[in-house]
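A.B. asks: got a predicted structure plus its sequence, pasted below:
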Number of protein chains: 2
Amino acid sequence: MPQKITSLDVARRAGVSQSAVSRVFTPGASASQETRDKVLRAADQLGYRPNTLARAMITGKSRIVGILISYLENQFYPMALEVFDNAFKEHGYHIMLFMVGNEDDVGAVVEDLLSYQVDGIITASVGMSNEIATRCSDAGIPVVMFNRGQDTGNHAQVTSDNVQGGRMVAQFLAAGGHRRIAHISGWSGSSTGRDRMQGFVDGLAEHGLEPCAMEDGMYQQDEATGIARRLCSSAKDRPDAFFVGNDHMAFAVMDALRFELGLSVPGDISVVGYDDVPMAAWPAYDLTTVRQPIRQMVRATVDMLVSRIEEPVGAEHLRIPGPLKIRGSARKPKGFTT
Amino acid sequence: MPQKITSLDVARRAGVSQSAVSRVFTPGASASQETRDKVLRAADQLGYRPNTLARAMITGKSRIVGILISYLENQFYPMALEVFDNAFKEHGYHIMLFMVGNEDDVGAVVEDLLSYQVDGIITASVGMSNEIATRCSDAGIPVVMFNRGQDTGNHAQVTSDNVQGGRMVAQFLAAGGHRRIAHISGWSGSSTGRDRMQGFVDGLAEHGLEPCAMEDGMYQQDEATGIARRLCSSAKDRPDAFFVGNDHMAFAVMDALRFELGLSVPGDISVVGYDDVPMAAWPAYDLTTVRQPIRQMVRATVDMLVSRIEEPVGAEHLRIPGPLKIRGSARKPKGFTT
DNA sequence: CTGAAAGCGCTAACAT
DNA sequence: ATGTTAGCGCTTTCAG
């Protein structure tokens, strides 16, 4: 176990002052090429790395961002996490992960976040993100909410254009000749869930239609399958299409329809999801769904957070549109274009 | 933006010394109940939180562990990550995430790990984990490899019993009357891939059989489907069963078999996977697979790392057995028991 | 049990 | 451009 090498060790070996070493390793520094060379050589020989924590103490910037996620079972979030890591890496930040169950102690999480001096926070898919966001904002830490808005608009947020997405689904389904269209919504306590629903209802209305049923799937597979089962219990007034609030639930609904109820998708019932996670393209589901442009969304989120770390600015809400990705799980209108 | 509250602020307000405040917030401290009360009250009023980074500097312990993961698309890893977070939380550690692509610069990752003074490292599913592990070990940072061993056994590692798992699959398939059994293996550069293969080959041999084909699927879906396609190109000498190196690839193989080749699983071909990720239980796949006891594995990994952080000890390799989970993707022998 | 004092490793004025 | 000097906020001897 080699003892820790400090900048002082390097300084001595290079025959310069300790602050010279610091300057060489500090981005906006001023050091002659000669000093630079000596220091770098000595550092290399000794295997020196600057201690980020010590640097953080004095600069007041830890270059750590906290990412709060509530569950990783929905493939959308692991995918986002990968992109977050890459995007933050480019800005020189590292990610500290906080899994926050919806029943967890918000206070404890906030304590941890603060005590680690994170420079900023991303909340992704957290039920109580508002409370955490508010408390952290109050403590002076920038927060950006990813894929979850809030209505009283005090926080920065990035979402896709969920209203527009819902509307596209409605138009697609209506144009496909469906007439009994049900919606198993995302959690109605979330803006994403509500926006998709709203756009969907509006879109149907434009065709003189309204949903034959709307229920809250809570973004949970078992909730969604329960609803699907119930809605399909009587053969004659069963829906001819489901718009499901995200892909994760849509997969479960398709499975229930096909394997429990013996129905054909899309023969008997069309199913449309939301997100376009990689699995949606797998042949077993081949799910028609609204694409959330995850890369763009994550990039925008990171840019927004980083700029707010550098200089605090007001809240903003970015809405990034995504296309409807038409596959085989829903009957296609002839010559339909979005 | 409220200014930072330090222990000195608390001390002044409580009318005690700064070190008294420190003692109250340091686990193994000595402070009278009276001091304690005064300090706690003042801290509460001021909204004081100890600065973990400052503490880390002096104690030399950051209470941060680095987790290195190469990809999150295989559901096994997000699931593991969730459990890791919970388990480490119980020990008072927090996770810094490092996504390490197999082509990434190992050196840079090691730099980051070291500069953040992480107390320990978990490598999960990283191709070059050996090199990283070695370099970090050399720097005095404990490393535990999760779900990936290495042969020159110098590092601590936790895996499931992959040899035994492979053997169980062989016995199950042989007992099911399959005679042309192919193996699309996990990456043969990984111990998990090789061990499963080895156990499988041994298991078949016990029944006087040998695989009709063995190819390296690299843990990648497109590799695996390519192999499956090729192996099934001629109808008469096609395999009657596939043992696939993990569930992630197995799903892709099943899709290719069913939707590209128009074959029935398990009617024409049986498929068995490895991991038992949640999706394996979904009706669309209903995959027979070897369960990796992920919770136990993660717990063991965390315990091992934490104990090595507290006092460095030699390498050990823990192998946790998991059962064969029999579902519908493979023909069942009559009265088969594992 | 408690306060005073000495740093942990580093950056940021401040001089030179 | 470089060295000297203060600390960042905290834990830990060391006296008392």
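C.D. replies: That came in fine, so what should we check first?

A.B. asks: so which residues of the stretch 1-150 of chain A form helices?
C.D. replies: Taking DSSP state H, counting those that start in this stretch as the test, the helices found in the stretch 1-150 of chain A are A:7-14, A:18-25, A:33-46, A:52-59, A:76-90, A:106-115, A:129-138.

A.B. asks: start to end distance for stretch A:211-223?
C.D. replies: In stretch A:211-223, first residue to last residue: 19 Å (CA to CA, to the nearest Å).

A.B. asks: likewise for stretch A:63-77?
C.D. replies: Using CA to CA, the two ends of stretch A:63-77 sit 22 Å apart.

A.B. asks: now swap in stretch A:285-298 and tell me
C.D. replies: 26 Å.

A.B. asks: in that stretch, what counts as buried?
C.D. replies: The neighbour-count check on stretch A:285-298 (16 or more other CB atoms under 10 Å in any protein chain shown) flags A:285-294, A:296-298 as buried. For the C-beta atoms, the positions are set from N, CA and C on the backbone; glycine is no exception.

A.B. asks: say whether chain B is contacted by that stretch.
C.D. replies: Yes. Interface with chain B: stretch A:285-298 contributes residue A:285 (CB under 8 Å from any CB of the partner chain).

A.B. asks: again with stretch A:56-73
C.D. replies: Yes. Using CB under 8 Å from any CB, stretch A:56-73 comes into contact with chain B via A:56-57, A:62, A:64, A:67, A:71-73.

A.B. asks: farthest pair in these?
C.D. replies: A:57 and A:73 (38.0 Å; CB to CB).

A.B. asks: does chain B have contacts with the worst-scoring helix or strand of chain A on mean pLDDT?
C.D. replies: Ranking every helix and strand in chain A by mean pLDDT, DSSP states H and E puts helix A:129-138 at the bottom, with a mean of 84. Yes. Where contact is defined by CB under 8 Å from any CB, part of helix A:129-138 touches chain B, namely residue A:138.

A.B. asks: quick one, that helix and helix A:106-115 angle?
C.D. replies: Going by axes from the mean of the first three to the mean of the last three CA atoms, to 10 degrees, helix A:129-138 is angled at 30 degrees with respect to helix A:106-115.

A.B. asks: what helices or strands is the helix or strand where residue A:224 lies leaning on?
C.D. replies: Using DSSP states H and E, residue A:224 sits in helix A:221-231. If you count contacts as 3 or more CB pairs under 8 Å, 6 or more residues apart in numbering or on different chains; DSSP states H and E, helix A:221-231 packs onto strand A:181-185, strand A:213-216, helix A:247-255.

A.B. asks: next SSE downstream of the longest one?
C.D. replies: Downstream of helix A:247-255, the next assigned helix or strand under DSSP H and E is strand A:270-275.

A.B. asks: kindly report the residues of the stretch 1-150 of chain A close to DNA strand C.
C.D. replies: A:4, A:6-8, A:18-19, A:22, A:25-26, A:48-51, A:54-55, A:57-59 (CB under 7 Å from any atom of the strand).

A.B. asks: for PyMOL, write the select line for the buried members of these.
C.D. replies: The buried residues among these can be selected in PyMOL (16+ other CB under 10 Å) with this line:
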select buried, chain A and resi 6+7+22+25+48+49+50+51+54+55+57
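
A.B. asks: for residue B:274, which of the helices and strands packed on helix A:221-231 is the nearest?
C.D. replies: helix A:247-255 (21.6 Å).

A.B. asks: distance from the chain centre to the closest one, please.
C.D. replies: 19 Å (CA atoms, centre = their mean, to the nearest Å).

A.B. asks: circling back: give me whichever of the helices of the stretch 1-150 of chain A is most buried.
C.D. replies: When you average the neighbours per residue for each of the helices of the stretch 1-150 of chain A (mean count of other CB atoms under 10 Å in any protein chain shown), helix A:76-90 leads with a mean of 21.

A.B. asks: would you mind listing what in the stretch 1-150 of chain A touches chain B?
C.D. replies: So the stretch 1-150 of chain A meets chain B at A:1-2, A:47, A:49-54, A:56-57, A:62, A:64, A:67, A:71-73, A:75, A:77-79, A:81-82, A:85-86, A:94-99, A:111-112, A:114-117, A:138-140 (CB under 8 Å from any CB).

A.B. asks: for residue A:146, give the beta-bridge partners.
C.D. replies: residue A:124, residue A:158 (DSSP bridges).

A.B. asks: ok, now which ones touch the closest residue to residue A:189 other than its chain neighbours?
C.D. replies: Of all residues not flanking residue A:189 in the chain, residue A:127 sits nearest, at 6.9 Å (CB to CB, 6 or more residues apart in numbering or on different chains). Counting by CB atoms under 8 Å, 6 or more residues apart in numbering or on different chains, residue A:127 touches A:70, A:102, A:187, A:189-190.

A.B. asks: ok so, going back, who's in contact with the least confident helix or strand of chain A?
C.D. replies: So helix A:129-138 is contacted by A:68, A:100, A:106, A:109-110, A:113-114, A:121, A:123, A:126, A:143, A:145, A:148, A:150, A:154-155, B:2 (CB under 8 Å, 6+ apart).

A.B. asks: so what's residue A:45 closest to, chain neighbours aside?
C.D. replies: residue A:13 (7.1 Å).

A.B. asks: tell me the residues of the stretch 151-300 of chain A that contact DNA strand D?
C.D. replies: So the stretch 151-300 of chain A never meets DNA strand D (CB under 7 Å from any atom of the strand).

A.B. asks: can you report how many residues neighbour the nearest residue to residue A:321 once chain neighbours are set aside?
C.D. replies: Leaving aside its sequence neighbours, residue A:321 sits nearest to residue A:161 (CB to CB, 6+ apart; 4.4 Å). Around residue A:161 there are 19 other residues, counting by other CB atoms under 10 Å in any protein chain shown.

A.B. asks: quick one, what contacts residue A:161?
C.D. replies: Contacts of residue A:161 by CB under 8 Å, 6+ apart are A:319-322.

A.B. asks: likewise for residue A:147?
C.D. replies: Per CB under 8 Å, 6+ apart, neighbours of residue A:147: A:76, A:80, A:124-125, A:158-160, A:192, A:292, A:297.

A.B. asks: and with 10 Å instead?
C.D. replies: Counting by CB atoms under 10 Å, 6 or more residues apart in numbering or on different chains, residue A:147 touches A:76-77, A:80, A:122-125, A:157-160, A:162, A:190-192, A:275, A:292, A:294, A:297-298, A:301.

A.B. asks: in the stretch 201-338 of chain A, what residue is nearest DNA strand C?
C.D. replies: residue A:310 (13.7 Å; CB to the nearest atom of the strand).

A.B. asks: surely that residue meets residue A:304?
C.D. replies: No. Here residue A:310 lies out of contact with residue A:304, judged by CB atoms under 10 Å, at a distance of 11.1 Å.
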